[in-house]
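Peer 1: Below are the sequence and a predicted model for it; my questions follow.
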Amino acid sequence: MRSTWFRPAHRRTAAAALVSALALTALAACGTSSSDSGSKGSGGGSSDPTAPLDPKAKVTLTMDCMPPAAKAAELRQWKEDVKTFNQKYPNVTINGKSTTGQCEEPTRFTAALKGKSQPDVFYTYFTDLQQVLDSDGAADITPYVTAKTVPALASIDTNVLNVLKKDGKLYGLPTSNYTMGLLINRKLFQQAGLDPNKPPTTWDEVRAASKAIAKLGNGVSGYGEYSAGNTGGWHFTATMYGLGGDIVSADGKKAAFNNDMGKQIVGNLKAMRWDDSSMGKTQLLKWGDLQKQISTDKLGMFLAAPDDITYMVQQLGAKYENFGMGPIPGGKATLFGGNDYMFKKGSTPDQIKAGLAWVNFKFLTPGKGQFDWARSKSDALPVGLPQPNLWTGDTKATDLKSRTDNATMPVDNFRTFLDNPVIGKAEPPKAQEIYKVLDNVMSGVLTNKNADAGKLLSTAETQVNQILANQ
Amino acid sequence: MSAPTLSTSSTPSKPEGPDRPVPAHAPREAFSRALRRNISAHGFLIGAVLCFSFFSWYPMVREVLLAFQKTEAGKTTWVGLRNLRYIANDPAFWQAWRNTLLFTGLALLLGFVVPFVIAIVLNEFRHGQSYLRLLVYLPVMLPPVASVLLFKYFYDPGYGLFNGILHALHLPEQQWLQSTSTAMLSVVLAATWMNMGGATLIYLAALQGIPGELYEAAELDGAGIFRKIWHVTIPQTRLILSLMLLMQIIATMQVFAEPFLLTGGAGPEGSTTTIVYLIYQYAFNFNNYGGAAALGLVLLVLLAGFSAAYVRLSRDSDD
Amino acid sequence: MAERTLISPAQLGRPSGKFLYWSALVVVLLLFTLIFLGPLYWMVTGGLKTAQEYAQSPPTAFPHSAHPKNYSDAWNVMDLSKLLFNTLYYAFGALAFQLVFDVAAAYSLSKLRPIFGKVILGMMLATLMIPATVLVVPQYLTVLDVPIVHRNLINSPWVIWLPSVTNAFNIFLLKRFFDSIPRELLDAASIDGASPLRTLRSVVLPISRPILGVVSIFAVVGVWKDFLWPLLTLPDPAKQNLNVGIYSLAQGVPENWLIAALAMASAPTLIIFLIFQRNIMSGLTAGSLKG
């Protein structure tokens, strides 16, 4: 489950490359192929999009993001689920396509879109919609998605569904989402005499905790922050949302961060980095660097999504019980993201219906597929992370209970994060271009002792305004 | 592949070379011979020509076209100068140019002068020269990623080797890559260490071709070491020096891997953002291929103009 | 080095000259060893340190305790054997393609002189003036969907091999060398009824060994050192070369393993270089001077 924020360049490759290196199953998923994976459905079936899939319809589908052989338990679950699914739809053939590494990796994804060789049902990040539409890659599934085809539809967080809509049309179904919070190293909190069950919730508290942790010495920093590869700007945005601010004005035309809140962010970082020296000397960090530091107990806190923990446990040898999470400091709103499945443009109605039925069964049915927490527990997969977080209302409560009952990690460590849900907020328009500019604010304050917060922000403001005005 | 054997030739003994005049009495044979020669010659060429067509000439044309197009909703349309306007309005564009020029300047200062000086020094030694040459060339053989990541560690302001050394010598520690004033210099230093071996060896070979009598003659005129370098060494190696200058400018203007790996590309406040890194960002992070192509086009025009000026300059000075 | 250089033998002969010479030599020897071997020493010993010692400030010159296990761990976890194999596969494949296509092309342009030969050569040389990185974007779009044949070359070795043939500099070097082969030699072969192919094989190539060596080095080193192109075109971790593989894995492994991996990744070329250093260095300088 890699998320949107790997977007900056090759962070995504980097992140999961290790797992694939360990595996190196020779799954030539992306070899030289000129043809589309276009397998067309045949046989009966109605072309009325609102009618559910006729079980008699013969359909063959290529399906993105089947777990690779290295993830044995996940792959076994996938196969089990296909079997169960085929009991109801015996005529649907699902050809899972697994990739070593991440399901989506930017250059490979772009390549597939440009060459129109994406699978019939393909995996994307929330932020990919514009790119997919630019290359005319996804079908409009609005008429297909109803309470009949996706029974839990009403329980899905509308904020999440809205990300997959453009001009009122729905182009994908979410399978996972996250919101950012403050990730802490419980061991260091204890050593520094802080309460690991009470992660800081304001930036003043973060600063105090950071100072206390850095006092441990031995190269330990209290708080860590990115400032390269567009990830610095991404975190600036998250921090801004936490304080209730915005990056771009509501009409999307002007920068909205050169204000007291922006100055507060920069001033606070400056205080931690230079006055308290609690952020370490090494800067220009990007995705992956802080994860490494916190896994080796060299870092106390940083902003992250819950699935960073899985990454650190699986790749960097960290332990679940060593981490805890609190809501994003400020708690006004938080950056969210996630991933989803889209349907290749040009698919037959039956293909879309079959794909929809499968996605619904595997990813959007409480208690089934990915939400069958009892099974995940018996398969020794991590259970208890506050992610995905798709549901609202009763469905959410039921799912959370099942998750807690089957937890394989101390769920209490995420208690403050769960008990203080923060409203999710999407990325600004032209996110990567703006993040690139905001990287400069971050690297400026973190590498230059005499950085002038006002000047950094006003330069960035001018530049972001230019980018927003640029057509 | 047809082989133009000479059995059908009407001309005795000596074969017809391509530039020899065709005998008037045998136009038909001459024609078919020329045809066969051409078929076989183009047969030899075809592999390379195909590769060039697909992977060099066609992309060159496409680069120019892309710069004036955009793709939206699967349709490609002409947008005139819009992409160029877009990049000119990108604040990072001018910064990237300043950085690229700074990098090129620094890289020439270090990467051009240092190897030449080293070559002159090494050329004087009658002992240990092959060992020294070996040393200078060693870094060239390392995978660049290995060298760059090694330097990244050396530069680390916390536990890096360079600050460790400065600390031991009681000198002020530096921020290296993490300061707008030293970031680019640090990148250039690493790049010079990695790449100067080739240039040094080439200069050494050139120096060894200088006739000793020239130095003797200069000494008779009472020239000291520096005057000898100025009046003998440099003029004698002028051709190779200017060739290397051209090659280095073209190479350094395209720098990507070093800043990308050392500072994550942008560096403190964008101080190591180069044009090529910006192209990379446009194409692969912003998904704006038109903008990327426009950026490339500007770089291309500049370098082409530069090359043309250079060719002209070198022709003039030969006269 | 019997030839006379900048400083006159008379000056060197004097006692003061001798003293200066030897002290300069010692200083330079020490300095160069430090500058060029020092980092390598650091790499090898850094890979032996514990993660704690590695991140210690100030750094230690000798590892407190040696942990060779870092090397085997890094080797296994980063699957360096695979990366090394891929790199060699790409490098020598590219070499083969260049030797076949570029030699044939240079031979044709130099000796067979087809019509439009001059134009083709000019167009090839023109690519030298175009910075390679400018073409990265259109080239990338081209390999996604190669015109006419409509193949996607991403993640396949062809994406490295075929574009490597467009090495105008090598063609230029080869052509210059072939130009210097006397016509009479080839004419003699033609009289014996040899086809151009046979002439190339039995006359031209044997006397072109030095230039072929140079071109081979350029070809292999070029692929070995390339970063941006394989970064874009080989996204599959199982297909990556050393440069890109290490870069992407660098995020996920402890620093001391990473540095051990760097040391191991550097070893093969260094060993090859040390064995063939004479040929490589003389070939390099000879080739570029002639060019």
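Peer 2: That came through, no problem.
Peer 1: List the buried residues of the helix or strand hosting B:Ser186.
Peer 2: With elements taken from DSSP states H and E, the one containing B:Ser186 is helix B:183-208. For helix B:183-208, the neighbour count (16 or more other Cβ atoms under 10 Å in any protein chain shown) marks B:183-207 as buried. From N, CA and C alone the C-beta is placed, and that goes for glycine too.
Peer 1: C-terminal to that helix, what's the next element?
Peer 2: helix B:212-220.
Peer 1: Sort out which residues of that following helix are buried, please.
Peer 2: Across helix B:212-220, burial judged by 16+ other Cβ under 10 Å covers B:214-215, B:218-219.
Peer 1: cool, stretch B:105-115 as well?
Peer 2: B:106-107, B:110-112, B:115.
Peer 1: Who are the contact partners of the residue lying closest to C:Met129 once chain neighbours are set aside?
Peer 2: Of all residues not flanking C:Met129 in the chain, B:Ser307 sits nearest, at 4.7 Å (Cβ to Cβ, 6 or more residues apart in numbering or on different chains). B:Ser307 makes contacts with B:246, B:250, C:129, as judged by Cβ atoms under 8 Å, 6 or more residues apart in numbering or on different chains.
Peer 1: tell me, how many neighbours does B:Tyr277 end up with?
Peer 2: Here the count is done by other Cβ atoms under 10 Å in any protein chain shown, and B:Tyr277 has 27 residues near it.
Peer 1: where exactly do the helices run in the stretch 101-250 of chain C?
Peer 2: With DSSP state H, counting those that start in this stretch, the ranges of helices along the stretch 101-250 of chain C come out as C:103-107, C:117-129, C:136-144, C:158-164, C:168-179, C:183-191, C:196-199, C:205-207, C:209-225, C:228-233, C:242-249.
Peer 1: And for the stretch 151-300 of chain B?
Peer 2: Going by DSSP H, counting those that start in this stretch, the stretch 151-300 of chain B shows helices at B:161-168, B:183-208, B:212-220, B:225-228, B:234-236, B:238-252, B:257-262, B:275-280, B:289-318.
Peer 1: Also the stretch 51-200 of chain A?
Peer 2: A:72-88, A:106-114, A:129-134, A:158-163, A:186-191.
Peer 1: Just confirm B:His42 contacts C:Ala105, I think it does.
Peer 2: No. When contacts are counted by Cβ atoms under 8 Å, B:His42 is not listed as touching C:Ala105 (10.2 Å).
Peer 1: neighbour count winner among these two?
Peer 2: The residue with more neighbours, out of B:His42 and C:Ala105, is C:Ala105; 29 against 18, by other Cβ under 10 Å.
Peer 1: show me the contacts for the more buried one.
Peer 2: B:44-45, B:47-49, C:124, C:171.
Peer 1: ok, back up a step: wait, which of the helices of the stretch 101-250 of chain C is closest to A:Trp274?
Peer 2: helix C:242-249 (31.1 Å; Cβ to Cβ).
Peer 1: can you tell if stretch B:172-186 touches chain C?
Peer 2: No. Applying Cβ under 8 Å from any Cβ of the partner chain, one finds stretch B:172-186 out of contact with chain C, separated by at least 10.1 Å.
Peer 1: domains of the chain?
Peer 2: No chain in the question, so chain A it is. Listed by automatic domain parsing, the domain ranges of chain A are A:4-178+A:337-415, A:181-304+A:429-469.
Peer 1: Not quite, go with chain B.
Peer 2: B:1-50, B:84-318.
Peer 1: could you dump the helices of the stretch 51-200 of chain A to JSON lines with mean pLDDT?
Peer 2: Converted to JSON lines, these look like this (pLDDT from 0 to 100):
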{"stretch": "helix A:72-88", "mean pLDDT": "92"}
{"stretch": "helix A:106-114", "mean pLDDT": "75"}
{"stretch": "helix A:129-134", "mean pLDDT": "87"}
{"stretch": "helix A:158-163", "mean pLDDT": "89"}
{"stretch": "helix A:186-191", "mean pLDDT": "96"}
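Peer 1: which one of the ones you listed lies closest to chain C?
Peer 2: helix A:106-114 (4.4 Å; Cβ to the nearest Cβ).
Peer 1: now the angle from that closest one to helix B:289-318?
Peer 2: Using axes from the mean of the first three to the mean of the last three Cα atoms, to 10 degrees, the direction of helix A:106-114 lies 110 degrees away from that of helix B:289-318.
Peer 1: Could you list every helix and strand in contact with helix A:106-114?
Peer 2: Using 3 or more Cβ pairs under 8 Å, 6 or more residues apart in numbering or on different chains; DSSP states H and E as the contact test, the elements touching helix A:106-114 are helix A:129-134, helix C:136-144.
Peer 1: The shortest one and chain B, any residue contact?
Peer 2: The reference is to helix A:129-134. Yes. Helix A:129-134 reaches chain B (Cβ under 8 Å from any Cβ) through A:130-131, A:133-134.
Peer 1: Highest neighbour count among these?
Peer 2: When neighbours are counted by other Cβ under 10 Å, A:Leu133 leads the residues of helix A:129-134 next to chain B with 19 neighbours.
Peer 1: contact partners of whatever helix or strand C:Trp42 lives in?
Peer 2: Per DSSP H and E, C:Trp42 falls inside helix C:38-46. Applying Cβ under 8 Å, 6+ apart, the set of residues contacting helix C:38-46 from outside is B:138-139, B:146-147, B:150-151, B:153-154, B:161, B:193, C:54, C:62-63, C:256, C:259-260, C:262-263, C:266, C:270.
Peer 1: which is the next helix or strand following that helix?
Peer 2: helix C:51-54.
Peer 1: Packing partners of that following helix?
Peer 2: helix C:255-290.
Peer 1: Could you check the angle the helix it packs on makes with helix B:183-208?
Peer 2: 40 degrees.
Peer 1: what is the orientation angle of helix C:255-290 with helix C:209-225?
Peer 2: Put simply, helix C:255-290 runs at 150 degrees to helix C:209-225, going by the same axes, to 10 degrees.
Peer 1: Next, the buried residues of helix C:255-290.
Peer 2: Within helix C:255-290, the residues scored as buried using 16+ other Cβ under 10 Å are C:255-266, C:268-269, C:273, C:277, C:280-281, C:283-285, C:287-288.
Peer 1: Stretch A:439-451 now?
Peer 2: Buried positions in stretch A:439-451, judged by neighbour count with 16+ other Cβ under 10 Å: A:439-448, A:451.
Peer 1: Run the contact check for stretch C:264-284 versus chain B.
Peer 2: Yes. Applying Cβ under 8 Å from any Cβ, one finds stretch C:264-284 in contact with chain B at C:265-266, C:269-270, C:272-274, C:277, C:281, C:284.
Peer 1: Okay then, goodbye and thanks.
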